[in-house]
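Asks: Have a look; sequence and predicted model below, questions after that.
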Amino acid sequence: MKARIISLFFTALLLFSCSKTYVKQKEDFTHNSLKQNSESENAKITIAEYKVKVDSATQKVIAITTNELLKDKEESTLGNFVCDALNYSAQQEFKNTPIDIVLINRGGLRVNLPKGEIRVINIFELMPFENDLALVKISGEKLLEGLQTLVEKKHSFLGLQLKVENNKLIEAKINNEVIDKTKNYTVVTSDYLAYGGDNFIFLKDPIELQKSNLRIRDAIINYCSYLTENKKQIIPYTDGRFQFSK
Amino acid sequence: MADFNFQNRRDFLKYTLGSAAAVYGLNSHAQSELLLEKGLTKLTILYTNDQHSRIEPFPENDTKYPGEAGFAKRASLIEKIKSENKNVLLLDAGDIFQGTPYFNYYHGEIEYKLMSLMGYDAVTFGNHDFDLGCENIVKQMPHASFDFINCNYRFDDTPLSKNKKITPYKTYKKGHLKIGVLGIGIDLENLVDIKYTKGIIYNDPISCANKIADVLKNDEKCDYIICLSHLGFKYDTNKISDVTFAEKTKNINLIIGGHTHTFLDKPHSILNSENKEVQITQVGWAGIWLGQIEVFFSSYNKKSLQNNKNIKI
């Protein structure tokens, strides 16, 4: 009995002692047991002031897809669509420069596009970033260095044909020709990547850099409007430009 | 004296409340009422990370989170929790900006306004908060009534230089408790367009945080120290993360993280450089969850019990 009292006394001492006492909780975890449904009136009033303008600008239907555009496989329908869009807009923006390649990073494409009506809001969610369309000229040598990043991170491109076996690049062509180390090539991309963002180090310090004032998002929106004006729908496709096998 | 850890909640309750039998049958709410009656002080930590301008709930046809999240729902919930609890600290671990047209049209104004309305105490910077540069943060700051906490960025050659709202740490009095909050940010290189990060100097988070945490612990005599981090939870590479940061720092009790959009059901425990436990938590992104941790302190301000109760919005 005496021993028990002493032990309790020490326990109490320890409990309120200088050391950090601390108990992990497992059995009491109640996450998701509640679900919040009511909304704060004050917050709703604040949001309403801003919502009108945002909604009117973003709910406009700008294109129709025949099917979902997905960022799923190495070569994706979504990636191919975005490259086509940047290619179209780059031809308007950089009129005198022929374009060899279009590049966009996989992580930069934030959501898939649904089947059917595409609204401005969908493109905002796909490309929320405030990056502009850019064109860089780099040597074939640098381009070859950069291919490893494209393969590893499975970025999207147009103009290149890459074959990968067991995670090794076994064939790389540009518009169906072997890449020439000594030649220079033009690459259309975002200014963020042109500055070497997302490890696109091979684009850094290029031979030439042209920047537009056109946001990547607007470049895609413009392409959507162009298709719709010409009574075309967006048809998801892949064409085997990025082949992976084991 | 050696650290003493109770094996489980039962032991703790038994020793604290005496009669174990009376406690076991109770739910966590009733237990917490009982603990408060016994003179323990409860600190309620509410937190978000990576809100990404998700002002309105996800659309009903969203494939992953239909109808979930939304600032107005969160505001209502926080209001309720604040009305029921005395010592509430409301924090965010960065990337408040970017992700919906609200940011593209209003550049963060509505995010800061609503967070001020909810009564946020402090935030740290995420990489996306710099998406329109330091100049934009300066422009939006008048809408923010909370502190911006970071100790490893230097803004000397930027529009944020000598900004009074930015501080390496801050202490908050909650009842008789003193809570220290510090903040650390991720290396912005490769994450943010360099035209927007020009002049920002990134310093090693570990040495910066250790200096500040030492001040909070030994000079400020804080009872509990929270680090707001935008490093990211964990990586396969040797890039610094909350996990590696936690192992190499000391004096920090809780790391509220972000960046990797990781949903952690409950805090992840790590031993720090002094072999003491530090917890890492993160609640995904977009305000889909509101993180909630209740910490009970003895009358000598020693942390003694914790409830983790994240809430789906």
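Replies: Happy to help now that I have it.

Asks: how much space is there between the residue nearest to the spatial centre of chain A and residue A:118?
Replies: What sits nearest the mean C-alpha location of chain A, by Cα atoms, centre = their mean, is residue A:108, with 1.6 Å. Using Cβ to Cβ, to the nearest Å, residue A:108 is found at 18 Å from residue A:118. C-betas here are computed from N, CA, C, even on glycine.

Asks: and the residue nearest to the centre of chain A, how far is that from chain B?
Replies: Distance of residue A:108 to chain B, computed by Cβ to the nearest Cβ, to the nearest Å: 12 Å.

Asks: Also residue A:186?
Replies: 21 Å.

Asks: Report the secondary structure element holding that residue.
Replies: Under the criterion DSSP states H and E, the helix or strand holding residue A:186 is strand A:184-190.

Asks: Can you list the neighbours in contact with that strand?
Replies: Counting by Cβ atoms under 8 Å, 6 or more residues apart in numbering or on different chains, strand A:184-190 makes contact with A:86-87, A:90, A:94, A:97-104, A:108, A:129, A:131-140, A:143, A:174, A:179, A:194, A:197, A:200, A:203, A:207, A:216, all of which sit outside it.

Asks: if you set the cut-off to 7 Å instead, what comes out?
Replies: Outside strand A:184-190, the residues that touch it by Cβ atoms under 7 Å, 6 or more residues apart in numbering or on different chains are A:86-87, A:90, A:97-104, A:131-140, A:143, A:174, A:203, A:207, A:216.

Asks: Filtering these by proximity to chain B, which remain?
Replies: Among the contacts of strand A:184-190, the residues lying close to chain B (Cβ under 7 Å from any Cβ of the partner chain) are residue A:131.

Asks: Which stretches in the chain count as helices?
Replies: Let's take chain A. For chain A, helices defined by DSSP state H occupy the ranges A:2-15, A:41-58, A:77-93, A:120-126, A:140-153, A:191-194, A:216-229.

Asks: You answered for a different chain; I wanted chain B.
Replies: Taking DSSP H, the helices of chain B run over residues B:9-17, B:21-24, B:28-37, B:71-84, B:101-106, B:109-118, B:133-140, B:194-197, B:205-214, B:242-248.

Asks: Kindly reformat the ones you listed as CSV containing distance to residue B:54, mean pLDDT and mean neighbour count.
Replies: Listed next are the helices of chain B as CSV, based on distance: least, Cβ to Cβ, whole Å; pLDDT from 0 to 100; neighbours: other Cβ atoms under 10 Å in any protein chain shown:
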stretch, distance to residue B:54, mean pLDDT, mean neighbour count
helix B:9-17, 35, 57, 18
helix B:21-24, 40, 48, 12
helix B:28-37, 29, 73, 16
helix B:71-84, 8, 96, 20
helix B:101-106, 9, 91, 22
helix B:109-118, 9, 98, 22
helix B:133-140, 17, 97, 19
helix B:194-197, 22, 88, 16
helix B:205-214, 27, 98, 20
helix B:242-248, 22, 98, 21
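
Asks: nearest to chain A, of those helices?
Replies: Nearest to chain A among those is helix B:71-84; the distance by Cβ to the nearest Cβ comes to 3.6 Å.

Asks: Now do that closest one against helix A:41-58, angle only.
Replies: Here helix B:71-84 points in a direction 170 degrees away from that of helix A:41-58 (axes from the mean of the first three to the mean of the last three Cα atoms, to 10 degrees).

Asks: picking up where we left off before, closest to residue B:199 out of the helices of chain A?
Replies: Closest of these to residue B:199 is helix A:191-194, at 18.0 Å (criterion: Cβ to Cβ).

Asks: got the buried residues for the closest one?
Replies: For helix A:191-194, a neighbour-count test (16 or more other Cβ atoms under 10 Å in any protein chain shown) marks A:191, A:192, A:193, A:194 as buried.

Asks: Show me the residue sitting in the middle of chain B in space.
Replies: Central residue of chain B (Cα atoms, centre = their mean): residue B:256, at 3.9 Å.
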